[in-house]
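Student: Sharing a sequence plus its predicted fold:
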Amino acid sequence: MNERVCDIMVCDAMVRKLVPSARAEMVCRLVQHQGVPQTEIARRLGISRAAISQYVSRKRGCCEGHELSPELSSLIDRWALSVMGHEEGAITLCDLCRCAAQKYESPSLDV
């Protein structure tokens, strides 16, 4: 598989489309599966507790109709561990982009 070259248009699409839904999924996993209080997640992410509540209720960051690949799901799990200080390896936007790009053949990453 060829290494993908960074492109500002792809990065822009990622930040607008994939990152909010991936963040919502990560927050939901922390709250619903690991029982982490919303205030603690808000503190660690540097956002309001109201924003966390909106992620959990799927009012923010929800993107209907997109199934997570096993690889992206695993990356979101690692992100959740990282937020809680349990993951030592850094996760970057490039990691999310590369993972999502495996599912989509179009360079525009119409996620």
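Tutor: Thanks, I have it. What you see is a predicted model; the values in this text were computed from it and never measured.

Student: Let's test this: name the helix or strand in this protein with the lowest mean pLDDT.
Tutor: Ranked by mean pLDDT, DSSP states H and E, the weakest helix or strand in the chain is helix 93-103, scoring a mean of 79.

Student: In terms of secondary structure, what does that helix contact?
Tutor: On a contact count with 3 or more CB pairs under 8 Å, 6 or more residues apart in numbering; DSSP states H and E, helix 93-103 meets helix 8-13, helix 19-28, helix 70-83. In short, each C-beta sits where N, CA and C put it, glycine included.

Student: let's see 7 Å
Tutor: helix 19-28, helix 70-83 (3 or more CB pairs under 7 Å, 6 or more residues apart in numbering; DSSP states H and E).

Student: now what about the last one, what contacts it?
Tutor: In this case it means helix 70-83. Residues outside helix 70-83 that contact it (CB atoms under 7 Å, 6 or more residues apart in numbering) are 22, 25-26, 29-30, 44-45, 87, 91, 95-96, 99-100, 102.

Student: Let's see the least confident helix or strand of the chain as PDB, backbone CA atoms only.
Tutor: What follows is helix 93-103, C-alpha atoms only, in PDB (Å, rounded to 0.1, in the frame of the first residue of the first chain):
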ATOM      1  CA  LEU A  93      -4.700  13.300  13.600                       C
ATOM      2  CA  CYS A  94      -2.600  11.700  10.900                       C
ATOM      3  CA  ASP A  95      -3.200   8.300  12.500                       C
ATOM      4  CA  LEU A  96      -7.000   8.900  12.300                       C
ATOM      5  CA  CYS A  97      -6.700  10.100   8.700                       C
ATOM      6  CA  ARG A  98      -4.600   7.100   7.600                       C
ATOM      7  CA  CYS A  99      -7.000   4.700   9.300                       C
ATOM      8  CA  ALA A 100     -10.000   6.300   7.700                       C
ATOM      9  CA  ALA A 101      -8.300   6.500   4.300                       C
ATOM     10  CA  GLN A 102      -8.000   2.700   4.300                       C
ATOM     11  CA  LYS A 103     -11.800   2.500   4.100                       C
END
